[in-house]
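1. this is the structure alone, sequence omitted:
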């Protein structure tokens, strides 16, 4: 498992606002301050949005459920 950060919006967000938010967050990931934080903390950048992000969330959810079941932290 990896430690990642994400920004989520409600399902009913206005499409224009969603696009503006996505663009602002993307621009922030290109800023020198963020790049410095990546280097300082030995983090790897992994920008995802849209369908690839949704797919990654789904895969993480499945993985966490499976590990929880294997460790008997969660019932089927």
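-> Cool, got the structure. None of these values were measured; they are calculated from a predicted model. Numbering: from 1, shown residues only.
2. longest single helix anywhere in this structure?
-> Longest helix in the chain, counting residues (DSSP state H): helix 50-70.
3. low-confidence ranges in this protein?
-> Scanning the chain for pLDDT under 70 picks out 1-2, 74-76.
4. quick test: name the residue nearest the centre of it.
-> Centroid-nearest residue in the chain: residue 6, 3.5 Å away (criterion: C-alpha atoms, centre = their mean).
5. helix, strand or coil for that residue?
-> With DSSP: H, G, I helix; E, B strand; the rest coil as the basis, residue 6 sits in coil.
6. can you pull the contacts of it?
-> Applying C-beta atoms under 8 Å, 6 or more residues apart in numbering to residue 6 gives the contacts 53, 57. The way it works is simple: take the backbone N, C-alpha and C, and place the C-beta from them, glycine included.
7. quick one: neighbours of residue 25, just the number.
-> 13 (other C-beta atoms under 10 Å).
8. what's the answer for the one 5 residues further on, then?
-> Counted with other C-beta under 10 Å, residues neighbouring residue 30 total 10.
9. kindly report the same for residue 7.
-> Using other C-beta under 10 Å, residue 7 has 11 neighbouring residues.
10. ok, the nearest residue to it once chain neighbours are set aside to residue 8 distance?
-> The spatially closest residue to residue 7, leaving aside those adjacent along the chain, is residue 25, at 5.6 Å (C-beta to C-beta, 6 or more residues apart in numbering). Computed as C-beta to C-beta, to the nearest Å, the residue 25 to residue 8 distance reads 11 Å.
11. with residue 49 instead?
-> 11 Å.
12. I'm done for today, thanks for sticking with me.
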